[in-house]
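1. Pasted the sequence and its predicted model underneath.
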There are 2 protein chains.
Amino acid sequence: MPRIIDHEQRRREIAAIVENILYEHGAEALTIRDVAERAGCSTTIVSHYFRTKLEMLVFTNQAARGRGEELLATAVKTQASILKTMNLLLPTNNAMKMAWHTCVAFWGMTPQDARVTAEWYEGISEAHSLFEDLVRIGQQTGEVDPSLKTEQAAYMLQVIINGISSLWAQDRQHWTAAKQQLLLREMLESAGFCNKV
Amino acid sequence: MPRIIDHEQRRREIAAIVENILYEHGAEALTIRDVAERAGCSTTIVSHYFRTKLEMLVFTNQAARGRGEELLATAVKTQASILKTMNLLLPTNNAMKMAWHTCVAFWGMTPQDARVTAEWYEGISEAHSLFEDLVRIGQQTGEVDPSLKTEQAAYMLQVIINGISSLWAQDRQHWTAAKQQLLLREMLESAGFCNKV
């Protein structure tokens, strides 16, 4: 790993390595030693950036969900349609596939560690708040059924996006982009999210 | 662990131990040594029942999803309503909470191992086929919108149940039984699954 002044940048590089290990071998096989080997440095240097394996996993999850949150924040800023935004969030390209894989792996961690549950809570809350913004905009533009309650509608969007991703996670050959997008559209339409689309 | 003649029964006992470890420490902390210690036997004996950690995890996942499949099969046999059946599948009691936790942890494993993807595929396919049966019955009884296509409707049910469980997985305090059931009902109604309920 080249010497880089930015501490945060190094942490991001390590997180990318962790994502690859999670993808290739699963969380049950992750070791600091593997990470160090792939980063081309010693375990002591890795420990300088992350004191524990859990701290490393939490940061990796934050980076992964951050990609989705960025898409959502841009959609809110540009008042993009819900259908278009939800399509961007689906695991249909490599970046989102990796992000979903990492997030799903993190969902499977133990609920008995407060650092895990704190990260789950932060992730789901930040996404929820962005989805609520999206629903409000959709109700202003007429795309979303005005009788839907914002909070409940945002949860529905989270159920739909997480649910489709869970199907993809278990049968990646079947769930092509086209099939994901069709199911998404049908579910959004029937739930009142595509009134004008 | 007491001496039991039934090989399958021993495997189930070990799977229950694995489920507890996944819940308490996560997949990343699972070792055969831990399993043996909790089972009160040697690692050699555990290896007699499961040659590898992966084989043990696959069997544990089969046992976990088996609980959901049993509920679904009974619902099909008794022609139960979709709303009632979906309510039984939600993580609202200890048995289903453990089953969902195990399945979600298994979703996070590596897609690069053919034994993992084979188990994912078997799990999602068996559930899908049972959900299709449930949709057909619902269309006969008039509970389900007759214009819904069986295959697509079954996928929608899988998205809804997996999606709600994913919200619970990340914020277990918030997602009480009542909140899960309300969201489920609203989503089923809007998608045309509760026409007569």
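-> That came in fine, so what should we check first? Numbers count the residues shown, from 1 in each chain, chains lettered A, B, ... in the order given.
2. Which helix in chain A has the most residues?
-> As assigned by DSSP state H, the longest helix anywhere in chain A is helix A:114-141.
3. Now that one: average pLDDT?
-> Summarised as a single mean, pLDDT over helix A:114-141 is 97.
4. Kindly report the same for stretch A:77-93.
-> Rounded mean pLDDT across stretch A:77-93 is 97.
5. re the thing from before, tell me what the longest helix of chain A is packed against?
-> helix A:53-78, helix A:82-89, helix A:94-107, helix A:150-170, helix B:150-170 (3 or more Cβ pairs under 8 Å, 6 or more residues apart in numbering or on different chains; DSSP states H and E). Any C-beta I mention is one placed from the backbone N, CA and C, and that applies to glycine too.
6. Including mean neighbour count and distance to residue A:33, could those go into TSV?
-> Putting the helices and strands packed on helix A:114-141 into TSV (neighbours: other Cβ atoms under 10 Å in any protein chain shown; distance: least, Cβ to Cβ, whole Å) gives the following:
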stretch	mean neighbour count	distance to residue A:33
helix A:53-78	19	11
helix A:82-89	19	34
helix A:94-107	22	19
helix A:150-170	23	27
helix B:150-170	23	29
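7. Same list as before, those that is, but in a markdown table and with distance to residue A:138 included.
-> Below are the helices and strands packed on helix A:114-141 laid out as a markdown table (distance: least, Cβ to Cβ, whole Å):
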| stretch | distance to residue A:138 |
| --- | --- |
| helix A:53-78 | 10 |
| helix A:82-89 | 5 |
| helix A:94-107 | 21 |
| helix A:150-170 | 8 |
| helix B:150-170 | 19 |
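8. Of those, which is nearest residue B:80?
-> helix B:150-170 (13.3 Å; Cβ to Cβ).
9. ok and the closest one relative to helix A:94-107, angle-wise?
-> 60 degrees (axes from the mean of the first three to the mean of the last three Cα atoms, to 10 degrees).
10. which helices and strands does helix B:150-170 pack with?
-> By 3+ Cβ pairs under 8 Å, 6+ apart, helix B:150-170 packs against helix A:94-107, helix A:114-141, helix A:150-170, helix A:177-190, helix B:82-89, helix B:94-107, helix B:114-141, helix B:177-190.
11. now for the fourth one, which elements pack on it?
-> It refers to helix A:177-190. helix A:82-89, helix A:150-170, helix B:150-170.
12. roughly how far is it from the heart of the chain?
-> 19 Å (Cα atoms, centre = their mean, to the nearest Å).
13. Low-confidence regions, chain A specifically.
-> Within chain A, the set of residues satisfying pLDDT under 70 comprises A:1-5, A:196-197.
14. Now the spatially most central residue of it: closest residue in space that isn't a chain neighbour?
-> Nearest to the mean C-alpha position of chain A, counting by Cα atoms, centre = their mean, stands residue A:65 at 3.4 Å. Nearest residue to residue A:65 in three dimensions, chain neighbours excluded: residue A:123, at 4.9 Å (Cβ to Cβ, 6 or more residues apart in numbering or on different chains).
15. tally of neighbours for that neighbour?
-> By other Cβ atoms under 10 Å in any protein chain shown, the residues close to residue A:123 number 22.
16. Residue A:131 too?
-> Neighbour count for residue A:131, taken as other Cβ under 10 Å: 25.
17. I figured it hits residue A:73, correct?
-> No - when contacts are counted by Cβ atoms under 8 Å, residue A:131 is not listed as touching residue A:73 (11.3 Å).
18. one step back: now tabulate the helices and strands packed on helix A:177-190 in TSV and tack on distance to residue A:34.
-> Below are the helices and strands packed on helix A:177-190 laid out as TSV (distance: least, Cβ to Cβ, whole Å):
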stretch	distance to residue A:34
helix A:82-89	30
helix A:150-170	23
helix B:150-170	26
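19. so which of these gets nearest residue A:53?
-> helix B:150-170 (20.3 Å).
20. ok, now how distant is residue A:36 from chain B?
-> Applying Cβ to the nearest Cβ, to the nearest Å, the value for residue A:36 to chain B is 17 Å.
21. Mind listing what's buried along the one helix or strand that residue maps to?
-> Assigned by DSSP states H and E, residue A:36 belongs to helix A:32-39. Neighbour counts over helix A:32-39 (16 or more other Cβ atoms under 10 Å in any protein chain shown) mark A:34-36, A:38-39 as buried.
22. quick one, that helix and helix A:53-78 angle?
-> Using the same axes, to 10 degrees: helix A:32-39 against helix A:53-78 is 60 degrees.
23. How about the contacts made by the closest residue to residue A:71 other than its chain neighbours?
-> Excluding the flanking residues, the one nearest residue A:71 by Cβ to Cβ, 6+ apart is residue A:88, at 5.1 Å. Residues in contact with residue A:88 (Cβ atoms under 8 Å, 6 or more residues apart in numbering or on different chains) are A:71, A:75, A:96.
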